[in-house]
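Undergrad: Output the structure for:
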Amino acid sequence: MEIILKTDIAGLGYKNDVLDVKPGYGRNYLIPQGFAVLATESNKKVLAENLKQAAHKAEKIQTEAEELAAAIGNTVVEITMKAGESGKIFGRVTNTQVSDILGEKGFAVDRKKIALGDIKNVGEYTAVLDLHKEVKHEVKVNVVAEAKAE
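TA: Residues are numbered from 1 along each chain as shown. Sure thing, here's the model as predicted:
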């Protein structure tokens, strides 16, 4: 079944992509949720016209994403967590924490655009920022044990 995505969907594609998906997935999930429309001839023509009009705007958005990636550069996000003697942390490091710390440093990055691996111990990790369809940026996340008050 051929569909046109109306929004970015992680692991599937980006807005305005024309994709082949299994009929049940398209018919029972993507289309009813408003994430996609059927790729009929008329919808493809509308998409082509919209893409032509949005090309300049998309170039501007990509340039802004590249500028943000350059501004973030080698920024290290330091997160303080409670940890046990072995270095295992209590709780979980979330993409919201990374987003908040980047926000404090002056970089507005939506938490949904941050891919963070499973962090269970104190140490240095890498988070991937999906700033644009063609702009990905890696940020170091340093998880530090909270100092014990004695």
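
Undergrad: List of residues touching stretch 96-107?
TA: With contacts defined as C-beta atoms under 8 Å, 6 or more residues apart in numbering, stretch 96-107 is touched by 68, 71-72, 75, 77-79, 108-111, 114, 116, 127, 139, 141. Heads up, the C-betas are built off the backbone N, CA and C, glycines and all.

Undergrad: For this protein, give me the ranges with low pLDDT.
TA: Applying pLDDT under 70 to the chain flags residues 148-150.

Undergrad: Spit out the contact partners of the residue most central in space within it.
TA: Among the residues of the chain, the one closest to the centroid is residue 113, at 1.8 Å (C-alpha atoms, centre = their mean). The contact partners of residue 113, by C-beta under 8 Å, 6+ apart, come to 129, 130, 131.

Undergrad: Is there a neighbour count for the last one? I'd like the number.
TA: Here the count is done by other C-beta atoms under 10 Å, and residue 131 has 22 residues near it.

Undergrad: Surely it touches residue 69?
TA: Yes. Here residue 131 reaches residue 69: they are 5.7 Å apart, a contact under C-beta atoms under 8 Å.

Undergrad: quick one: contacts for residue 23?
TA: residue 1.

Undergrad: Next secondary structure after the helix or strand hosting residue 61?
TA: Assigned by DSSP states H and E, residue 61 falls within helix 41-72. Next along the chain after helix 41-72, taking DSSP H and E as the criterion, comes strand 76-81.

Undergrad: tell me the angle the following helix or strand past that following strand makes with strand 76-81.
TA: Using DSSP H and E, the helix or strand that follows strand 76-81 towards the C-terminus is helix 95-104. Using axes from the mean of the first three to the mean of the last three C-alpha atoms, to 10 degrees, the inter-axis angle of helix 95-104 relative to strand 76-81 is 130 degrees.

Undergrad: What is the burial count for residue 112?
TA: Residue 112 has 12 neighbours, counted by other C-beta under 10 Å.

Undergrad: next one: residue 114
TA: 22.

Undergrad: The one 5 residues further on too?
TA: When neighbours are counted by other C-beta under 10 Å, residue 119 registers 17.

Undergrad: Identify the residues contacting it.
TA: Per C-beta under 8 Å, 6+ apart, neighbours of residue 119: 89, 92, 93, 125, 141, 143.

Undergrad: and the gap between the closest residue to it other than its chain neighbours and residue 136?
TA: Leaving aside its sequence neighbours, residue 119 sits nearest to residue 93 (C-beta to C-beta, 6 or more residues apart in numbering; 4.3 Å). Residue 93 is 20 Å from residue 136, where distance means C-beta to C-beta, to the nearest Å.
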